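J.: show me the folded form of this:
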Amino acid sequence: SYTVAAFQQRTGLDAKKDLKLGDFSDPNFQKWVDFRIQTFTDFMAEIASTARVVNPKIKIIPEIYPGFEPESVRVGADVYSLYHVVDAIAHEYEFGEGDHMASSRSQIDWFNYQVGMHTFRAFAEGKPTWILNYSWDGDKNIDPREAMKNLAMSEVMAGANFWDAPGHSMAGSNDAPTREAIFAWIAAHEKTFYMPRQPIDPIGVYFSPSTRNRYPNDFVRAYRGILILLMQKHLEFQVVTPRTLVSFQGKTLILPDVRVLDAAEQKLFDSYISSGRKLVVTGSQTLLAHANANNIARVPESVGDTYYKQLDSHFADTSPKNVQLFLDTFTPSGEIVIAAPSTVATSIARVAGAETVFLANFSGLVPHVEAKPSSQSNINITLQHPATRAFLLPFMKDVEELPVEHIGEKFVVTLPPIERGAVVWFANH
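T.: Just a heads-up that it's a prediction; the model follows:
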């Protein structure tokens, strides 16, 4: 009753009578969604400001179940808004149906979690992201140690902090020696994973909170589809939000079925286009209709939505080649070119001044059947500028130096077989 009264005080609407609960086409329900999100955010901001009066060094770290998906709209705990007012977020992260154990994840599940964690890292703007996921809970066909390793690998490659837990409990471990080995390895290489990851020449993918809040299912499918496509195509990407749009320096920015922009966003997009950079707008044909058409590629089809549905129904038979016409609408950076299977998710960044590639291998994983990825050979990474040295850090192993082959004006590294995941970086000294 308190929440209903507060909503009425703010909007003049009776939540029990004046809105259609769950109907996103109802303007009054949209006001209820906005009210819920703002209420949670204001509450956490008040806790933070009050606590810092007593102890200025205190850190406010909420543990939150919804991710960025439709669940966050229903619950009202929106991590995009909350990251702005807290010091870190512990994500007890899952979405949709199923138990979401590492042992039971399909390949598209693994990629969806990659999307989620990269999205959280963009929301965080440098603040820590803690992931509280679960690896194994009695799955008789899966070695719990393999599930633990998959979970840890997937999280650190995305730049998130890993936690190990048995079942759905926060205490203990499914295998203490494996846990100890994982944490020791992460500690030995924490700078590789947790120093700031700076963009090089990324393709931007715009996360629109307003569109997600109005059209949650449609937007999330389209957004996921585009990000997974770029991961599978092994192109550098950067999640861009209303808070980071002004600082985004990439030459191409994709708006995946974005339908709602406020005046401030429109102004920033106008500035982006005026600088000679390119917007790729999928789905909506009316968005930014006033803008310079020369710098906007309009794709009537909802490419991300279509690609995601293909992945969801026939993951093994779906590849970036299915949407080559869309990929042809923009020119990716040629600075770093990666040749790898589409079952390997990649992300690219500059870490401590070095061009760095993070590889997460989900090849061969089958829910409840196989938790050891299929080793992937002959992965090549090509740089367009001089690199005299290259280094490889395989998951749970030590750093090794790789030979760099100078072919014409290009510098090529061929990786040894990659089992679960790896990091590669380059130096010119």
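J.: show me where the stretch 201-350 of the chain has its helices.
T.: Secondary structure of the stretch 201-350 of the chain (DSSP state H, counting those that start in this stretch): helices located at 209-214, 216-233, 263-274, 303-313, 324-327.
J.: ok, and for the shortest one, which residues are buried?
T.: So the one you mean is helix 324-327. F326, L327 (16 or more other C-beta atoms under 10 Å). Placement of C-beta: from N, CA and C, glycine included.
J.: relative to R145, which of the helices of the stretch 201-350 of the chain is closest?
T.: Checking these against R145 by C-beta to C-beta gives helix 216-233 as the closest, at 26.2 Å.
J.: and the helix or strand V412 falls within, which residues are buried?
T.: Element membership of V412, judged by DSSP states H and E, is strand 410-414. The neighbour-count check on strand 410-414 (16+ other C-beta under 10 Å) flags F411, V412, V413, T414 as buried.
J.: can you check stretch 361-374 too?
T.: For stretch 361-374, a neighbour-count test (16+ other C-beta under 10 Å) marks N361, F362, S363, L365, P367, A371, K372, P373 as buried.
J.: one more: stretch 374-394?
T.: For stretch 374-394, a neighbour-count test (16+ other C-beta under 10 Å) marks Q376, I379, I381, T382, L383, A387, A390, F391, L392, L393, P394 as buried.
J.: mind checking how far it is from the chain centre?
T.: 23 Å (C-alpha atoms, centre = their mean, to the nearest Å).
J.: apart from its neighbours in sequence, what residue is nearest the most centrally placed residue in the chain?
T.: Among the residues of the chain, the one closest to the centroid is H118, at 2.4 Å (C-alpha atoms, centre = their mean). Distances taken as C-beta to C-beta, 6 or more residues apart in numbering put A158 closest to H118, at 5.5 Å, once the chain neighbours are dropped.
J.: returning to that earlier point: of the helices of the stretch 201-350 of the chain, which is nearest A345?
T.: That would be, of the helices of the stretch 201-350 of the chain and by C-beta to C-beta, helix 216-233, which comes in at 4.4 Å.
J.: what does the average pLDDT come to for the closest one?
T.: Helix 216-233 shows a mean pLDDT of 98.
J.: my read: W110 touches P367, true?
T.: No - with contact defined as C-beta atoms under 8 Å, W110 and P367 do not form a contacting pair (10.3 Å).
J.: mind listing what Y65 touches?
T.: By C-beta atoms under 8 Å, 6 or more residues apart in numbering, the contact set of Y65 is E71, V75, A77, E92, Y93, E94.
J.: highest neighbour count among the residues you listed?
T.: Y93 (25 neighbours; other C-beta atoms under 10 Å).
J.: name the helix or strand for the spatially closest residue to P66 that is not a sequence neighbour, please.
T.: Once flanking residues are discounted, P66 sits nearest to S72: 3.7 Å by C-beta to C-beta, 6+ apart. Assigned by DSSP H and E, S72 falls within helix 70-75.
J.: what are the contacting residues of that helix?
T.: Residues from elsewhere that reach helix 70-75 (C-beta under 8 Å, 6+ apart): 33, 36-37, 65-66, 78-79, 95, 212-213, 216-217, 220.
J.: nice, that's everything, thank you.
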